[in-house]
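J.: Okay, predicted coordinates and the sequence, questions at the end:
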Amino acid sequence: MSTYINGILQSIKQSNGDGVFLQAATEVLQSLEPILKAEKKYQNHNVLERLVIPEKTSIFRVVYTGDDGKAKAHFGYRVQFNSALGPYKGGLRFHPSVNLDVLKFLGFEQIFKNSLTGLMMGGGKGGSNFDPKGKSDAEIMRFCQAFMLELSKIIGANTDVPAGDIGVGGREIGYMFGAYKKITNLFNGTLTGKNISWGGSLVRPEATGYGCVYFAYEMLKKAKQSLEGKTCAVSGSGNVAIYTIEKLQELGAKAVTISDSSGFVYDKNGIDLELLKEIKEVKRGRVSDYAKLRKGSVYTEVKKYTKGTNGVWSIPCDGAFPSATQNELNLNDIKTLYNNGCRFVAEGANMPSTLEAINFMLDKKDFLFAPAKAANAGGVATSGLEMQQNAAMTQWSFKEVDEKLHRIMKDIFYNTYETAKEFKYTGNLVVGSNIAGFKKVADAMIDQGYI
Ligand code: NDP
């Protein structure tokens, strides 16, 4: 690593500590070395020093009334990281693990991901340490309204357009949109992920999962392989996991696992998607409920895997789709996957693989790795399409949006692949996606002056 990059990482460590933001910045900055060497303007304009500091960070208190009549207090955050390419854009996460470090990592990744989509969107991320699990509908609604009371002061259709993420789906977006409208007296495209009947886009719920599979499809095709007949392990059981499984099945692959933070299910006959949707989307249940109802499937509790291994990756497969959360696939996991025959990973979640696991995958000549910021960009790309439809007060058909999504994912694949090749890292899509995403943002920052 060059002393220049090392110096920037040290400054992040000093101001932010040794957390996931530093991990994400290390991955990105290290892989930018080839372009920094080739084009001196980025260092001359101190682009990296500026890029690693969010333009604005807001932290606020969110108080709502629980069903027990008591006041509940949580942190609310919005990290508006970079607006060189357009309004800040990125999801809201409601999960007890949310803190500023997590949101800085997610917002930072979002800058490059949004750039890769080719749409005019800056990068941001927000959320709260509120845990929606086990809360009543009324509590969720009151929390969303309280959260929006503050968030509405800093977002807007041309300023900052939040969407969903972990713990924030269509229901939460609906409650937040209702509150935003009431507070501001505006009905506009300030939030994406809206219900289709009042301004949402078809395919948005499916987009991240579908997009990740489209990316894997293109990556395998380039390597003269196909998804057809492949057995795949998928982690998570939320939005991304469900629609990854749906598209895998459509393309002739068999997804055999799902998981949540309590455990994982192995269903050797292939996941029953209808049952999974019923349990997760209608009943808001757990993957253990799936195993109770599905003959031949096996549930394993997470505590059985305490020695640095995530159980879901112990299942033999041809390819893996981590779709739950950050750092859920470590060096032990990838070694197990590889020894069991797995030869590709496509990341649906944000930064699900640790740096050690990524290096392991990149070192193997017979392994294909699709990094998150390219492979899971389908969600935000379709949010961009939702913004376009809102601005034109129109609505496209499912087929139209799905075709655009597939085209965008194919373009992202070839953009990252060709960029890696140009810098003599053929096949290394980490380098390809980071450089391709960075170049567009960095050039815009230079064009827009020191601000
Ligand atoms: P959901 O809330 O719908 O589902 C998240 C799933 O991951 C749940 O099954 C959840 O289990 C599991 N999970 C969350 N945290 C942990 C943890 N610490 N350990 C084990 N399992 C965990 O979220 P999404 O599907 O929307 O998001 C999944 C990932 O995809 C995230 O990394 C997100 O940032 C990323 N992503 C999402 C996009 C989208 O459009 N939704 C777009 C791009 C990226 P449990 O219920 O037990 O918590």
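T.: Yes, it's here. Residues are numbered from 1 along each chain as shown.
J.: OK, now which residue of the stretch 351-451 of the chain is nearest to the ligand?
T.: G379 (3.0 Å; Cβ to the nearest ligand atom). Yep, even glycine has a C-beta here, placed from its N, CA and C like the rest.
J.: Just to be sure, that residue is in a helix?
T.: Yes. G379 sits within a helix when classified using DSSP: H, G, I helix; E, B strand; the rest coil.
J.: and it, what pLDDT?
T.: Looking at G379, its pLDDT stands at 96.
J.: Surely it is in contact with T208?
T.: Yes. Under the criterion of Cβ atoms under 8 Å, G379 makes contact with T208 at 3.4 Å.
J.: what residues do the two have in common as contacts?
T.: V240 (Cβ atoms under 8 Å, 6 or more residues apart in numbering).
J.: how about the residues of the stretch 201-350 of the chain near the ligand?
T.: Within the stretch 201-350 of the chain, the positions near the ligand by Cβ under 6 Å from any ligand atom are 208, 236-241, 260-262, 323-325, 348-350.
J.: Okay, and E418 sits in which element?
T.: If you go by DSSP states H and E, E418 is part of helix 398-422.
J.: cool, G126 as well?
T.: With DSSP H and E as criterion, G126 is part of strand 123-128.
J.: quick revisit: quick one: contacts of the helix holding E418?
T.: Residues from elsewhere that reach helix 398-422, judged by Cβ under 8 Å, 6+ apart: 116-118, 201-203, 207, 210-211, 214-215, 218-219, 222, 374, 377-378, 381-382, 385, 396, 426-429, 431-433, 435-436.
J.: Give me the buried subset of those residues.
T.: 116-118, 201-203, 207, 210-211, 214-215, 218-219, 374, 377-378, 381-382, 385, 396, 427-429, 431-433, 435-436 (16 or more other Cβ atoms under 10 Å).
J.: List the contacts of I154.
T.: If you count contacts by Cβ under 8 Å, 6+ apart, then I154 has K56, S58, R78, Q80, D160 around it.
J.: and which of the residues you listed is nearest the ligand?
T.: For the contacts of I154, the residue nearest the ligand by Cβ to the nearest ligand atom is R78; the value is 15.6 Å.
J.: on that earlier part again, just checking: what are the partner strands of the strand holding G126?
T.: Take DSSP bridges as the rule and strand 123-128 pairs in its sheet with strand 71-82 (antiparallel), strand 88-94 (parallel).
J.: That one and the ligand, any residue contact?
T.: No. No part of strand 123-128 sits close enough to the ligand to count as contact by Cβ under 6 Å from any ligand atom; the gap is at least 8.7 Å.
J.: ok, and the closest non-adjacent residue to Y243?
T.: Computed as Cβ to Cβ, 6 or more residues apart in numbering, the closest residue to Y243 that is not its neighbour in sequence is G209, at 2.8 Å.
J.: Helix or strand next in line after the helix or strand hosting that neighbour, which one?
T.: Using DSSP H and E, G209 maps to helix 204-222. Scanning forward in sequence from helix 204-222 by DSSP H and E, the next helix or strand is strand 231-234.
J.: Show residues contacting that following strand.
T.: Contacts of strand 231-234 (Cβ under 8 Å, 6+ apart): 241, 244-245, 248, 253-258, 271, 312-313, 315-321, 323, 337, 342, 348.
J.: How many neighbouring residues does the residue nearest to Y243 have?
T.: By the criterion of other Cβ atoms under 10 Å, G209 has 28 neighbours.
J.: got the contact list for it?
T.: N239, V240, A241, I242, Y243, T244, I245, E246, K247, S323, G348, G378.
J.: Make a markdown table out of the residues you listed and add secondary structure.
T.: As requested, those are exported to a markdown table (three-state DSSP):
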| residue | secondary structure |
| --- | --- |
| N239 | helix |
| V240 | helix |
| A241 | helix |
| I242 | helix |
| Y243 | helix |
| T244 | helix |
| I245 | helix |
| E246 | helix |
| K247 | helix |
| S323 | coil |
| G348 | coil |
| G378 | helix |
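J.: Looking at these, spot the one nearest K153.
T.: Nearest to K153 out of the contacts of G209 is N239 (Cβ to Cβ; 27.8 Å).
J.: Which secondary structure state is assigned to K424?
T.: Applying three-state DSSP: K424 is coil.
J.: so what's it closest to, chain neighbours aside?
T.: P34 (7.4 Å).
J.: try I334
T.: A357 (4.3 Å).
J.: hang on, that neighbour packs against L329?
T.: Yes. With contact defined as Cβ under 8 Å, A357 reaches L329; the gap is 5.4 Å.
J.: dump the residue contacts of the residue of the stretch 151-300 of the chain found nearest the ligand.
T.: Relative to the ligand, the nearest point of the stretch 151-300 of the chain is G238 (1.8 Å; Cβ to the nearest ligand atom). The neighbours of G238, taking Cβ under 8 Å, 6+ apart as the test, are I166, G169, K280, S323, A324.
J.: Can you get me a residue count around the first one?
T.: Using other Cβ under 10 Å, I166 has 24 neighbouring residues.
J.: Buried ones only from the contacts of I154, please, as a PyMOL command.
T.: Buried members of the contacts of I154, defined by 16+ other Cβ under 10 Å, are picked up in PyMOL with:
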select buried, resi 58+78+80+160
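J.: how about the residues of the stretch 51-200 of the chain near the ligand?
T.: G164, D165, I166, G167.
J.: Could you do the stretch 351-451 of the chain as well?
T.: Counting by Cβ under 6 Å from any ligand atom, the stretch 351-451 of the chain sits next to the ligand at N376, G379.
J.: what does the model give the residue nearest to K424 for pLDDT?
T.: 97.
J.: Run the chain-centre distance for the helix or strand hosting it.
T.: Element membership for P34, per DSSP H and E: helix 33-38. Computed by Cα atoms, centre = their mean, to the nearest Å, the separation of helix 33-38 from the middle of its chain amounts to 27 Å.
J.: Same question for stretch 180-189.
T.: With Cα atoms, centre = their mean as the basis, stretch 180-189 stands 27 Å off its chain's centre.
J.: List the buried residues in that stretch.
T.: By neighbour count on 16+ other Cβ under 10 Å, the buried set for stretch 180-189 is Y180, K181, N188, G189.
J.: which ones are touching S31?
T.: Applying Cβ under 8 Å, 6+ apart, we find S31 in contact with V430, V431, N434, I435.
J.: And these, which is closest to Q43?
T.: Nearest member of those to Q43, counting by Cβ to Cβ, is I435, at 14.7 Å.
J.: Using CSV, write down the CA coordinates of the host helix or strand of the closest one.
T.: Using DSSP H and E, I435 maps to helix 429-447. Only the C-alpha atoms of helix 429-447 are listed here, as CSV (Å, rounded to 0.1, in the frame of the first residue of the first chain):
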residue,chain,number,x,y,z
LEU,A,429,-14.2,-6.9,-10.4
VAL,A,430,-13.2,-5.3,-7.1
VAL,A,431,-10.6,-3.1,-8.8
GLY,A,432,-12.9,-2.7,-11.8
SER,A,433,-15.9,-1.5,-9.9
ASN,A,434,-14.0,0.8,-7.5
ILE,A,435,-12.1,2.5,-10.3
ALA,A,436,-15.1,2.8,-12.6
GLY,A,437,-17.3,4.2,-9.8
PHE,A,438,-14.6,6.5,-8.5
LYS,A,439,-13.6,8.1,-11.8
LYS,A,440,-17.0,9.5,-12.5
VAL,A,441,-17.4,11.0,-9.0
ALA,A,442,-13.8,12.3,-8.8
ASP,A,443,-14.0,14.0,-12.2
ALA,A,444,-17.3,15.7,-11.2
MET,A,445,-15.7,16.8,-7.9
ILE,A,446,-12.8,18.4,-9.8
ASP,A,447,-15.2,20.1,-12.3
